[in-house]
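Q: What would the 3D arrangement of this be:
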Amino acid sequence: MKKLFFILAPLAITFWSCSSKSNTEVASDKLLIDLEITDSLRWEDLFQEVEVIPLEFTEESMLTAVDEILIQDDSYLVFDKKAQVIYKFDLDGNYISKLDKSGEGPGEYQLIYDVSINPYTGNIELLSGYGSFFIYNKNFQWVETFDFPDIVSATQFDYFSEDVILLFSRYDRDHNLMLYSRSEKRHLNKMKQPEKSVFESNNSVTISMLENPLINTPEGLFFCVPFYNSVYRIGLDGLEFDYQWDFGDYVVDDGGIKVDDPQEKIMEQGRKIIESFSSLRNFYENEDFIFAQYFLKGKLGTILYQKESEEYKILYDYVPEYSVVLLSDGIVGPTNRLRLQTIDRLLKNSNSEFAFDEIENGSEENNPYLLKYTFKSEWK
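A: Okay, the predicted model is just below:
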């Protein structure tokens, strides 16, 4: 399958830039983000190119959505939660194989909420909402299945260590963070997040909030509290406050509502939040960057913080807003045909080499696409 490239030529797209606090100050107190300082900078000041990767559409690879992207051995693993299937594509988007074992028999899985690659073994591990854990090797061959004890529900997981798994539940009000030991086959600690907004406490209300509150960094495993945007370090003994995102006058206004208020009232306040300023929506971190997104006045803002230079940039235009993978040299995220049409319109007066007609007329148009944004050399 042919990969398509376009170089980001001059466009009148604005994003904001300023200096941030040092890493020492950030870790001990707050990460200050000034949303009032604006500069007329352009996309090409940050990104060198964007690669459009059509995911091959075949009878074996008909995706309904891209809910999670993992990268392993020069291939993309794409989790389609609705279909409960993990598809494997090469870096050009060509279909390779899939893990499709939904069922109740040996080696089969049910109701998968989260998927990850074990950094210690390379195995592909799946978390069921029922509290079961399914392990497969790189070739999608079943290795092991076990159940977590005393799990009401589980929605996400991450790796505290080679032995210890961190489980997170959006719905368990008593202990929504749990550390589980594989070797001892028991929970080492059950914790409750220190802060919880009314929107999280009312499980019947869906308000846009942080998609990935678990942040696995070279410095350790952290948990970010939605709406309050506070970051806590996770330890065997519990949670310890680390720092808070500080957006100055831009704070989430809950309107004084309470958990037992009518759902309509909570929903109405939620809509007001989206129209003004909302919780962080995404938060990723690696050795070089912090990548975060939020809503401000109905628009999605993207923050890219470079640790070495201690500078950050904020931009308002299309960047994948879910299932993002932060790389050492850029980001990867999904998009659809409608978004590609929007990007094509943005580039129509540029020197773009992006051959949109090849995608528009191709058979692969029924599958989503991946976009790989590559940073310019000074941002790598």
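
Q: pretty sure residue 283 is in contact with residue 222, am I right?
A: No - applying C-beta atoms under 8 Å as the test, residue 283 and residue 222 come out as separate, 9.0 Å apart. Backbone N, C-alpha and C define where each C-beta goes, glycine included.

Q: list residues touching both of those two?
A: Common neighbours of residue 283 and residue 222, using C-beta atoms under 8 Å, 6 or more residues apart in numbering, are residue 215.

Q: Where does residue 244 fall, secondary structure wise?
A: Assigned by DSSP states H and E, residue 244 falls within strand 238-246.

Q: do residue 338 as well
A: Residue 338 belongs to helix 337-347 when assigned by DSSP H and E.

Q: And for residue 228?
A: Using DSSP H and E, no helix or strand contains residue 228.

Q: Now do it, the pLDDT please.
A: pLDDT recorded at residue 228 is 86.

Q: Pass me the low-pLDDT residue ranges in the stretch 151-300 of the chain, would you?
A: By pLDDT under 70, the low-scoring segments of the stretch 151-300 of the chain are 173, 201-209.

Q: Please name every helix or strand in contact with the strand holding residue 244.
A: Packing contacts for strand 238-246, counted by 3 or more C-beta pairs under 8 Å, 6 or more residues apart in numbering; DSSP states H and E, involve helix 23-28, strand 30-32, strand 186-191, strand 230-235.

Q: The second one: partners in the sheet, and parallel or antiparallel?
A: Looking at strand 30-32 with DSSP bridges, its partner strands are strand 238-246 (parallel).

Q: what does the strand it pairs with rub up against?
A: Contacts for strand 238-246 (C-beta under 8 Å, 6+ apart): 26-33, 177, 189, 191, 193-194, 222-223, 228-233, 280, 292.

Q: repeat that for 7 Å
A: Identification of contacts with strand 238-246 by C-beta atoms under 7 Å, 6 or more residues apart in numbering yields 26-33, 189, 191, 194, 222-223, 229-233, 280.

Q: Mind giving me the ChimeraX select for those, buried ones only?
A: Here is the ChimeraX command that selects only those of those that count as buried (16 or more other C-beta atoms under 10 Å):
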select :26,30,31,32,33,189,191,222,223,229,230,231,232,233,280
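
Q: can I get the CA coordinates of the strand holding residue 244 in PDB?
A: Taking C-alpha atoms only, strand 238-246 is exported to PDB below (Å, rounded to 0.1, in the frame of the first residue of the first chain):
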ATOM      1  CA  GLY A 238      -0.600   5.100  48.200                       C
ATOM      2  CA  LEU A 239      -0.900   8.400  46.300                       C
ATOM      3  CA  GLU A 240       1.300  11.400  46.900                       C
ATOM      4  CA  PHE A 241       0.600  14.900  45.400                       C
ATOM      5  CA  ASP A 242       3.200  15.800  42.800                       C
ATOM      6  CA  TYR A 243       2.000  18.900  40.900                       C
ATOM      7  CA  GLN A 244      -1.000  20.600  39.400                       C
ATOM      8  CA  TRP A 245      -1.600  22.000  35.900                       C
ATOM      9  CA  ASP A 246      -2.200  25.700  36.500                       C
END
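
Q: which parts of that strand are buried?
A: Residues of strand 238-246 classed as buried: 239, 242, 243, 244, 245 (neighbour count, 16+ other C-beta under 10 Å).

Q: May I see the residues you listed arranged in a markdown table, with distance to residue 130 as well?
A: Converted to a markdown table, the buried residues of strand 238-246 look like this (distance: C-beta to C-beta, whole Å):
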| residue | distance to residue 130 |
| --- | --- |
| 239 | 26 |
| 242 | 32 |
| 243 | 35 |
| 244 | 34 |
| 245 | 34 |
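
Q: quick one: the helices in the protein?
A: Per DSSP state H, the chain carries helices over the ranges 23-28, 198-201, 263-275, 337-347, 356-360.

Q: Mind giving me the packing neighbours of the longest one?
A: On a contact count with 3 or more C-beta pairs under 7 Å, 6 or more residues apart in numbering; DSSP states H and E, helix 263-275 meets helix 198-201.

Q: how far out from the middle of the chain is the helix it packs on?
A: How far helix 198-201 lies from its chain's middle: 21 Å, per C-alpha atoms, centre = their mean, to the nearest Å.

Q: Return the list of helices and strands in contact with that helix.
A: When contacts are defined as 3+ C-beta pairs under 7 Å, 6+ apart, helix 198-201 sits against helix 263-275.

Q: List the buried residues of the helix it packs on.
A: 266, 267, 269, 270, 273.

Q: In JSON lines, list the residues you listed along with distance to residue 147.
A: Listed next are the buried residues of helix 263-275 as JSON lines, based on distance: C-beta to C-beta, whole Å:
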{"residue": "266", "distance to residue 147": "34"}
{"residue": "267", "distance to residue 147": "36"}
{"residue": "269", "distance to residue 147": "39"}
{"residue": "270", "distance to residue 147": "35"}
{"residue": "273", "distance to residue 147": "38"}
